[in-house]
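A.B. asks: after the sequence you'll find the predicted model.
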Amino acid sequence: MSDLKYVGTYVERPDAVNKVTGKAIFLDDIQLPNMLYAEILTPPIAHAKIKSIDTSEAERSEGVIKIVTGANCNITYGDCVRDRYPMAKDKVRYIGDPVAAVIATSRYYASQAAKKIKVEYERLPVYLDALDSMKVDAVLIHEKNGEYWHLPSYQPVPKTNIAMRYFLKKGAGEDAFKDADVIAEGEFVYPFGSSAAIEPHGTIAWFHEDGTIEIWSSSICPFIIQEDLAKTYGKPVSDVRVHIPEIGGCFGYKSDVTIEETVAYIASFVPGRPVKWVATREEDFTSTLIAHGARIRMKIGAKKDGKFTAIKSTVFHSVGAYADTGVNVTQAATHTVGPYEFPNAYLEGLSVYTNTPPVGAYRGYGYQYPHFALERLINILARKLNMSELELREKNYLSEGKVTALGEKIWISHGDVKKCADNVKNAIFSHDKPKEDEEFYYGRGFAAIVKGPKGTPNSAKGCYMKLNIDGSVSVNMGGAEVGQGLRSVVRQVAAEALKISPEKVRVYTEIDTQFSPWEWQTIGSMFTVQGGRAIVRASEQLIMQLKKNASYALKCDVEMLEYEGEYIYLRADPGIRVSVKELARGYMTESGVTVGDVVQTTSAERLPRYSNPDLKTGQGNMGVNYTFGAQGCEIRISKKTGEIFIDHFASSFDIGQVINPVQLRGQIVGGVVMGIGSTFFEQLKFNEVGKITNPHFSTYRFPTIRDIPQKQTVDFVETPDAVGPFGARGIGEHPVLGVASSILNAIYDAIGVDFFELPVTSEKIKEALDRRKTKEANNA
Amino acid sequence: MLERINFKINGKQVTVEVESWEKLLDILRDKLKLTGAKRGCDDGSCGACIVLVNGNAVKSCLFPASKLEGAEILTIEGLSKDFIINPIQKALIDSGAVQCGFCTPGIIMELKALFDKNKDAKEEELYSSLEKHLCRCTGYETIIEGAKLAQKYLKENKEKGG
């Protein structure tokens, strides 16, 4: 691998200058001629019947063009479960459910008018936790649960609030616990949170008079939006055009269709004019997708020697008012049992309707809940076995030939978790920890992780590649740049594959379904792997076309030719050659007669043998591509305040092949800090009517520059991957996965208290310290 | 009630009609079509909208437009000249601090205000300025490195007489 020239080095981001000059165009920066603005009215209570809507006063308000309600709306949508409506018809199910909308000539006029709409509601009980909405006497949030169209791999439980039940059995399942010598179990809570990108969601929808629909959205799934809207409005998919401008952070919640059907529905009432809706920060919390809402009961068993025998878990996932975006997260949260081999498993996951905003993707896609539970339980089990936490893990790591809960056999090319663990061990555990002093308790913790993508089996990423007349290359793909640095990856992989300098590779900016090749959506840390492989394929085809054109120029067979970036030459005599510039449009002979291909190629890549789960066992190839890693930390806890300081956080991932070391470190350092937010601060709070009481950055606290670890160590193992370009693997989501559990393990190491619920605030630590003090005093 | 306000923006004198409820960010984005300052929150907690008013870094989403009479404003659009980007912009690129880029203009303007007053600002001052800015991508490590690198570039530029 050492002969790589552009992969593995720092290359500047193609979008950097546009971003630092403020010229990068995000959704809300777009102004279209004759544009109108929408304000969406939402209910004051999260679960209610709509008795009446009076829009008369609002209609007379200044600047109003149209008031829209769901009264005559018969549209339903959803890609996993078709349980969503663009606008509420007779009932609201969460605090952000759209009840009516005002279209006006300015944002201000629209919002003033919306205040004048009068709605009468009849209150229904509000359920904020799966355990409440699962009770036998609970009111149904969806009377039609079970009747909605859904993907065949989901099983709803009709006449209940359970939108989907998934279970997986491996080996003897639960029965295997009888062979266990020791057992650890617990109930863990990962509360509601938000991806909370700094750019709020927004959409512009424009129904043209010619019957076509044009959309701009801060979304990472243009092609799903395109297909959904085509279905909704009975159009050919090709008549819907979706543009994706720059995206100001995603972290999950800008995947899947979120607000686009609602904004399109509103715009359909004013054909010929574009309508813009951009969420306020509050609406971004209440009216898009939120995250997590997971309660997980887990039990693990092992023999005396530390060998795991069985795992059982039940995931109670509060997926919110609509399950379409949550069911897949539940499945991933259920079938994941960390980077370990459990010969037997019984895993059950329930997606349960609640009166909260719908839950969707968040960096990690459900993998964080079982990782959180399992990495804590392993430490508890290690204590029972009187064994070190690291040694217990080492006895059970997945490695070549071992089998995951899903029934997938691990390949050597999946990577090496043990090497990652050794790196973290070396960074965190190779020296003595400081002794408790006047001010602080000290602790260290560890967690190992693994994640594969969760998606549709036909998920693929396409690539169009065009050789220009001067030898430069334009690469066009459907992958969304959300900040992760995808454009640099495209530039570097293409440069490497084509043996040309990165400056000669021009990477696409906007995605436009009219011009971009198809991609399912940019999720699951899969762009580098699938997109990168698509680039390599397109490059190979492009080189083959060049050779074919050169064979006319040099009058020999294609097999005799070699390519080196600028020239195609005769292998036996490199002096006989022709430049790629002369071949880009075919080869023009002396008479002007031109032969050969115009050099432009197309390709795509999907994961080999990725499948749906088997309905009986729940197993299937639902990973295929994995990234393993390990994380650990050294912390200090203030005796006075309970505040936790992270002195050192270490991460090591088997990345397969580093593509851009600066970006890679950026992904990991940023992911760790995001994980610190979930560990210490982040929690959406609801009052009794289901209103979010902290829908602002001033109250939904996440890390500032004051909250970061004093030091982060990041290193990589490079076991080449079987699919990714030059052996590279995905990394976007993985850095968040071991943060909470390693910190909570360190808290136990410091003060001997086990926490099972996030966030662990300094107040909770202080309470625990006070309790400990009282206990010690009583014992004395 | 519309009111006519005169102020200077990025070196150019302008007159704008403003409503009493409008903030500087509304004027920048909606009336002057300067969209570099971003709207990330509703309550002045994210820092993405920070611009310079009379040399001070202010949250334009909170700053009443009616108070702009006679003011001198600098936005991200006025920081670089043609193809030459400012050393602070260059430093944030070189340190890897640019990811999604939504918080970036606000951070750059914050540092511009800070370094205009004191190129040698100490680490604690950097933290005090940067703690007003939320970034969800980077984990801040490269932002603090970028701020320090910007100080270095600014000094080098001065030595070169730039």
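C.D. replies: Cool, got the structure. Everything quoted here is computed from the prediction, not taken from an experiment.

A.B. asks: smallest gap between chain A and chain B, at which residue?
C.D. replies: residue A:22 (2.3 Å; Cβ to the nearest Cβ). Bear in mind the C-beta positions are built from the backbone N, C-alpha and C, glycine included.

A.B. asks: what's the pLDDT at residue B:158?
C.D. replies: With respect to pLDDT, residue B:158 scores 69.

A.B. asks: also residue A:777?
C.D. replies: So, for residue A:777, pLDDT stands at 85.

A.B. asks: got a list of what it touches?
C.D. replies: Neighbour list for residue A:777: empty [criterion: Cβ atoms under 8 Å, 6 or more residues apart in numbering or on different chains].

A.B. asks: again with residue A:355
C.D. replies: Counting by Cβ under 8 Å, 6+ apart, the residues that residue A:355 touches are A:46-47, A:93-95, A:126-128, A:133, A:141, A:320-321, A:690.

A.B. asks: what's the most distant pair in those residues?
C.D. replies: Maximum pairwise distance in the contacts of residue A:355, criterion Cβ to Cβ, is 15.4 Å, between A:95 and A:133.

A.B. asks: domain ranges for the chain, per the record?
C.D. replies: Picked chain A for this. Domain assignment for chain A by automatic domain parsing gives A:16-22+A:460-606, A:31-124+A:199-248+A:254-286, A:294-455+A:612-774.

A.B. asks: hm, I was asking about chain B
C.D. replies: B:3-78, B:87-159.

A.B. asks: what's the lowest-mean-pLDDT helix or strand in chain B in contact with?
C.D. replies: In chain B, no helix or strand scores lower on mean pLDDT, DSSP states H and E than helix B:141-159, which sits at a mean of 93. Contacts to helix B:141-159, defined as Cβ under 8 Å, 6+ apart, come from residues A:666, A:669, A:705, A:708, A:712, B:87-88, B:90-92, B:94-97, B:107, B:111, B:115, B:119-121, B:123, B:126-127, B:130, B:133, B:135.

A.B. asks: what are the buried residues along that helix?
C.D. replies: Using 16 or more other Cβ atoms under 10 Å in any protein chain shown as the test for burial, helix B:141-159 gives B:141, B:142, B:143, B:144, B:145, B:146, B:147, B:149, B:150, B:151, B:153, B:154.

A.B. asks: count the neighbours of the closest residue in space to the residue of chain A closest to chain B that isn't next to it in sequence for me.
C.D. replies: Nearest residue to residue A:22, sequence neighbours excluded (Cβ to Cβ, 6 or more residues apart in numbering or on different chains): residue B:36, at 2.3 Å. When neighbours are defined as other Cβ atoms under 10 Å in any protein chain shown, residue B:36 has 24 of them.

A.B. asks: which residues touch residue B:36?
C.D. replies: Here residue B:36 is in contact with A:21, A:22, A:23, B:75, B:76, B:77, B:105 (Cβ under 8 Å, 6+ apart).

A.B. asks: on that earlier part again, out of the contacts of helix B:141-159, which end up buried?
C.D. replies: A:666, A:669, A:705, A:708, A:712, B:87-88, B:90-92, B:94-97, B:107, B:111, B:115, B:121, B:126-127, B:130, B:133, B:135.

A.B. asks: now intersect those residues with the strands, please.
C.D. replies: Within the buried ones among the contacts of helix B:141-159, residues falling in strands by DSSP state E are residue A:712.

A.B. asks: and the buried ones among the contacts of helix B:141-159, which of them are in helices?
C.D. replies: A:666, A:669, B:87-88, B:90-92, B:94, B:107, B:111, B:115, B:126-127, B:130 (DSSP state H).

A.B. asks: can you give the distance of the least confident helix or strand of chain B from its chain's centre?
C.D. replies: 16 Å (Cα atoms, centre = their mean, to the nearest Å).

A.B. asks: got it, and stretch B:5-23?
C.D. replies: On Cα atoms, centre = their mean, the centre of stretch B:5-23 falls 17 Å from that of its chain.

A.B. asks: send me that stretch as CSV with only the CA atoms.
C.D. replies: The C-alpha atoms that make up stretch B:5-23 are tabulated as CSV, following Å, rounded to 0.1, in the frame of the first residue of the first chain:
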residue,chain,number,x,y,z
ILE,B,5,-31.4,54.1,8.5
ASN,B,6,-27.9,55.1,7.1
PHE,B,7,-24.9,53.0,7.8
LYS,B,8,-21.7,51.8,6.2
ILE,B,9,-21.3,48.1,5.3
ASN,B,10,-18.1,46.5,4.1
GLY,B,11,-16.9,50.0,3.3
LYS,B,12,-20.0,51.1,1.3
GLN,B,13,-22.5,53.7,2.5
VAL,B,14,-26.1,52.4,2.4
THR,B,15,-29.6,53.6,3.3
VAL,B,16,-32.1,50.9,4.3
GLU,B,17,-35.7,51.0,5.3
VAL,B,18,-36.2,49.0,8.4
GLU,B,19,-39.2,47.8,10.4
SER,B,20,-39.2,48.3,14.1
TRP,B,21,-39.1,44.5,14.8
GLU,B,22,-36.2,43.8,12.4
LYS,B,23,-32.7,42.8,13.6
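
A.B. asks: how many neighbours does residue A:591 have?
C.D. replies: 6.

A.B. asks: got it, and the one 10 residues further on?
C.D. replies: Residue neighbour count, defined by other Cβ under 10 Å, stands at 19 for residue A:601.

A.B. asks: find the nearest non-adjacent residue to it, please.
C.D. replies: Here the residue nearest residue A:601, using Cβ to Cβ, 6+ apart, is residue A:541, at 4.0 Å.

A.B. asks: packing partners of the helix or strand hosting that neighbour?
C.D. replies: Using DSSP states H and E, residue A:541 falls within helix A:532-554. Applying 3 or more Cβ pairs under 8 Å, 6 or more residues apart in numbering or on different chains; DSSP states H and E, one finds that helix A:532-554 makes contact with strand A:460-467, strand A:473-477, helix A:486-498, strand A:561-563, strand A:567-570, strand A:573-579, strand A:587-588, strand A:600-606.

A.B. asks: in it, which residues are buried?
C.D. replies: Those would be A:532-539, A:541-543, A:545-554, for helix A:532-554 by 16+ other Cβ under 10 Å.

A.B. asks: dump that helix to CSV, keeping only the CA atoms.
C.D. replies: Output of helix A:532-554 as CSV, limited to C-alpha atoms (Å, rounded to 0.1, in the frame of the first residue of the first chain):
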residue,chain,number,x,y,z
GLY,A,532,-15.1,5.2,-3.3
ARG,A,533,-15.4,1.7,-4.9
ALA,A,534,-17.7,3.3,-7.6
ILE,A,535,-15.0,5.9,-8.3
VAL,A,536,-12.4,3.1,-8.7
ARG,A,537,-14.8,1.3,-11.1
ALA,A,538,-15.5,4.3,-13.2
SER,A,539,-11.8,5.1,-13.3
GLU,A,540,-11.0,1.6,-14.5
GLN,A,541,-13.6,1.9,-17.3
LEU,A,542,-12.3,5.3,-18.2
ILE,A,543,-8.7,3.9,-18.5
MET,A,544,-10.1,1.1,-20.6
GLN,A,545,-11.8,3.5,-23.0
LEU,A,546,-8.6,5.5,-23.3
LYS,A,547,-6.7,2.3,-24.2
LYS,A,548,-9.3,1.5,-26.8
ASN,A,549,-9.0,4.9,-28.4
ALA,A,550,-5.2,4.6,-28.1
SER,A,551,-5.2,1.3,-29.9
TYR,A,552,-6.5,3.1,-33.0
ALA,A,553,-3.8,5.8,-32.6
LEU,A,554,-1.0,3.4,-32.0
